[in-house]
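[1] Only the shape, not the letters, is given here:
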């Protein structure tokens, strides 16, 4: 079982979702807790080293990476819609703040 660490802003991402979206994201977070970096698909470019879990019909993405603080800690970087690549831009911004 992996520990999840939420970067600044992720809890606001989560709060902005409606009830059905939260259910989907909760499933993703549970999967990340259980599988760690084996969950999802790898990302490239500025987000190399990160992975995503997607809910295609809802257009949602959960972006995550292995934490630099420990091997069994997963950083949740961003949660949001893919449209206009917004969730990926948010993830890049949050990673650059560290």
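    That came in fine, so what should we check first? What you see is a predicted model, and the numbers here were worked out from it, not measured in a lab.

[2] Residue 88: neighbour count?
    A count of nearby residues for residue 88, using other Cβ atoms under 10 Å, gives 21. In short, each C-beta sits where N, CA and C put it, glycine included.

[3] Next up, the contacts around it.
    43, 47, 61, 63, 78, 82 (Cβ atoms under 8 Å, 6 or more residues apart in numbering).

[4] Include pLDDT when you put those into CSV, please.
    Formatted as CSV, the contacts of residue 88 follow (pLDDT from 0 to 100):
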residue, pLDDT
43, 96
47, 95
61, 96
63, 97
78, 95
82, 86
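
[5] From the residues you listed, pick the one nearest residue 53.
    In terms of Cβ to Cβ, no member of the contacts of residue 88 lies closer to residue 53 than residue 61, at 7.2 Å.

[6] Can you name the residues in contact with whichever helix or strand the closest one is part of?
    According to DSSP states H and E, residue 61 maps onto strand 60-66. Here strand 60-66 makes contact (Cβ under 8 Å, 6+ apart) with 17, 21, 24-25, 28-29, 32, 36-37, 39-40, 43, 47, 49-55, 73-82, 87-88, 91, 95.

[7] quick one: strands adjacent to it?
    strand 50-55 (antiparallel), strand 73-81 (antiparallel) (DSSP bridges).

[8] list the buried ones in the shortest one?
    Translated: strand 50-55. For strand 50-55, the neighbour count (16 or more other Cβ atoms under 10 Å) marks 50, 51, 52, 53, 54, 55 as buried.

[9] For that strand, which outside residues touch it?
    The contact list for strand 50-55 (Cβ under 8 Å, 6+ apart) reads 24-25, 28, 31-32, 37, 39-43, 60-65, 77, 82, 91, 95.

[10] ok, of those, which come out buried?
    So, by 16+ other Cβ under 10 Å, the buried ones in these are 24-25, 28, 32, 37, 39-40, 43, 60-65, 77, 82, 91, 95.

[11] Tell me which residues touch the nearest residue to residue 94 once chain neighbours are set aside, please.
    Excluding its sequence neighbours, the residue lying closest to residue 94 (Cβ to Cβ, 6 or more residues apart in numbering) is residue 7, at 5.1 Å. Going by Cβ under 8 Å, 6+ apart, residue 7 touches 75, 76, 77, 78, 94.
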